[in-house]
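**Q** sequence plus the predicted model coming up.
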Amino acid sequence: MTDINPTTALTAKDFASNQEPKWCPGCGDHAVLQQIKSVLPELGVASENIAFVSGIGCSSRLPYYMATYGIHGIHGRALPMATGLKAARPDLSVWVATGDGDALSIGGNHFIHTLRRNPDLNIVLFNNEIYGLTKGQYSPTSKLGLRTVTSPAGVIDHPFNPASLAIGSGGTFFARAFDKDGKFLRSILLRAAQHRGTSLVEIYQNCPIFNNAAWDAFANADIKAENTIYLEQQKPLLFGKDQKKGIRLDGFKPIVVDLEKSGVSTADLWIHDETDINKASILARFADTDPDSEGALPRPIGVLYAEDRVTYEDALTEQVRDAQKNGAGTLAELLKGDNSYVIK
Ligand SMILES: Cc1ncc(C[n+]2csc(CCOP(=O)(O)OP(=O)(O)O)c2C)c(N)n1
Ligand code: SF4
């Protein structure tokens, strides 16, 4: 979140570049781009004060399609570039577009360290559970057993759970949304932009070419209600077609209850508190259950966790200000320091 105000009201069109997106027809990236463009006018930030930074991948092409500043960088390195930019120019609104390969495979180390540092970045993680750009190799979020060109007998690497990884790394904001649910995605992107600190939005994005239907159990209208749970702050965890199912906590164990058959009332259900890291950690683990398995937990959609913590650039600016209180100094003094000696 930044304080830079544009002089005139902007629309989504003001954020569209003159480049035609090169994504495949039907790719979820088109829908995400549309929602990003539509949410930016609400931030009240002039387009020249917004930057989109990316690595390499289909999703990482997003900066080309924005009429903002942008860097299409190096595979896996979007986050350190964005952190540097934000540290140098804290007044800018800095966004990162990244894929599950870019962020969690080659960029995995940068991912965890960015989250613990908490620069005020908005990370949009396009999770299609595959490497799209390089034609369908398995990624760190690919499901066990998925057959791809690099896993012809099925994936045997246990997949990352991005929510658990983010919360475990000291991330201060994690939310989940779908490419197919534009209205909800837009509301989540707005929440993320308003968060001061690193916001991470995991978007379940369909790659119809190399991993089609990976999210159908959660995104398809006929089964979605049974397999997802939309989180609302301070509201009970309710889901199902008629909101007749809920989640109760038995100690640390989440249990699915049928409100009509079990005699459990909504008052006994888990109340969502996005500021509670223990509950967020349990919610994050819901993604480990397969929707087709016995006793499967619904997939949480919305804001799982949000915490206020000092940002990296605020702490850095404070440190620089403190250091400058002692006067300008010289480079020679800096190099010599208090603990140098001369060998004779
Ligand atoms: C250093 C380096 N290693 C590997 C590659 C090849 N490469 C480009 S994009 C990519 C993965 C893309 O997958 P993902 O980040 O999930 O994005 P998607 O294309 O699915 O949106 C890989 C392995 C590269 N460009 N640079
Ligand atoms: S390969 Fe997949 S992720 Fe890449 S543009 Fe095509 S559909 Fe989208």
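**A** All right, it came through fine. Ligands and ions are numbered 1, 2, ... in the order given.
**Q** so what touches stretch 238-256?
**A** 225-226, 228-230, 236-237, 257-260, 264, 266, 268-270, 282, 286, 295, 297-298 (CB atoms under 8 Å, 6 or more residues apart in numbering). Where C-beta positions appear, they are placed from N, C-alpha and C, glycine not excepted.
**Q** the closest residue to S59 other than its chain neighbours: neighbouring residues, count only.
**A** Nearest residue to S59, sequence neighbours excluded (CB to CB, 6 or more residues apart in numbering): F126, at 3.6 Å. If you count neighbours by other CB atoms under 10 Å, F126 ends up with 29.
**Q** then R299?
**A** Neighbour tally, R299, other CB under 10 Å: 22.
**Q** which positions in this protein make contact with ligand 1?
**A** 56-59, 75, 99-102, 106, 126, 128, 130-134, 139 (CB under 6 Å from any ligand atom).
**Q** now intersect these with the helices, please.
**A** If you go by DSSP state H, these have D100, G101 in helices.
**Q** mind checking the SS state of the spatially closest residue to G168 that is not a sequence neighbour?
**A** Residue nearest to G168 in three dimensions, not counting chain neighbours: S281, with 7.7 Å by CB to CB, 6+ apart. Three-state assignment for S281 (DSSP: H, G, I helix; E, B strand; the rest coil): helix.
**Q** isn't S281 up against L165?
**A** No. Judged on CB atoms under 8 Å, S281 makes no contact with L165 at a distance of 11.3 Å.
**Q** between those two, point out the one with more neighbours.
**A** L165 (21 against 16).
**Q** tell me which element the more buried one is part of?
**A** helix 162-168 (DSSP states H and E).
**Q** and the average pLDDT for the next helix or strand after that helix is what?
**A** Later in the chain than helix 162-168, the nearest helix or strand by DSSP H and E is strand 173-178. Averaging pLDDT along strand 173-178 gives 98.
**Q** what's strand 173-178 packed up against?
**A** helix 162-168, helix 182-194, strand 199-204, strand 299-306 (3 or more CB pairs under 8 Å, 6 or more residues apart in numbering; DSSP states H and E).
**Q** just give the nearest non-adjacent residue to G136, would you?
**A** F210 (3.5 Å).
**Q** run a quick neighbour tally on the nearest residue to L185 once chain neighbours are set aside.
**A** Spatial nearest neighbour of L185, excluding adjacent residues (CB to CB, 6+ apart): A177 at 4.2 Å. By other CB under 10 Å, 27 other residues sit near A177.
**Q** just checking, A177 touches I203?
**A** Yes. Counting by CB under 8 Å, I203 is a contact partner of A177 at 5.6 Å.
**Q** shared neighbours, those two?
**A** L185.
**Q** report pLDDT for M1.
**A** 47.
**Q** A82: which element?
**A** helix 78-88.
**Q** which other helices and strands contact that helix?
**A** strand 50-54, strand 69-72, strand 93-99, helix 108-117, strand 121-127, helix 312-324.
**Q** got the contact list for that helix?
**A** Here helix 78-88 has contacts from 51, 53-55, 60, 71, 73-74, 92, 94-98, 102-103, 107, 110-111, 114, 117, 119-121, 123, 312-313, 316, using CB under 8 Å, 6+ apart.
**Q** now do 7 Å
**A** When contacts are defined by CB atoms under 7 Å, 6 or more residues apart in numbering, helix 78-88 is touched by residues 51, 53-55, 71, 73, 92, 94, 96, 98, 102, 107, 110-111, 114, 117, 119-121, 312-313, 316.
**Q** now do stretch 136-151
**A** By CB under 7 Å, 6+ apart, stretch 136-151 touches 100-101, 104-105, 127, 129-131, 154-155, 158-160, 162, 210.
**Q** could you tell me the end-to-end distance of that stretch?
**A** 10 Å (CA to CA, to the nearest Å).
**Q** before we move on, what about stretch 321-338?
**A** From its first residue to its last, stretch 321-338 covers 21 Å (CA to CA).
**Q** again, but for stretch 251-266
**A** 17 Å.
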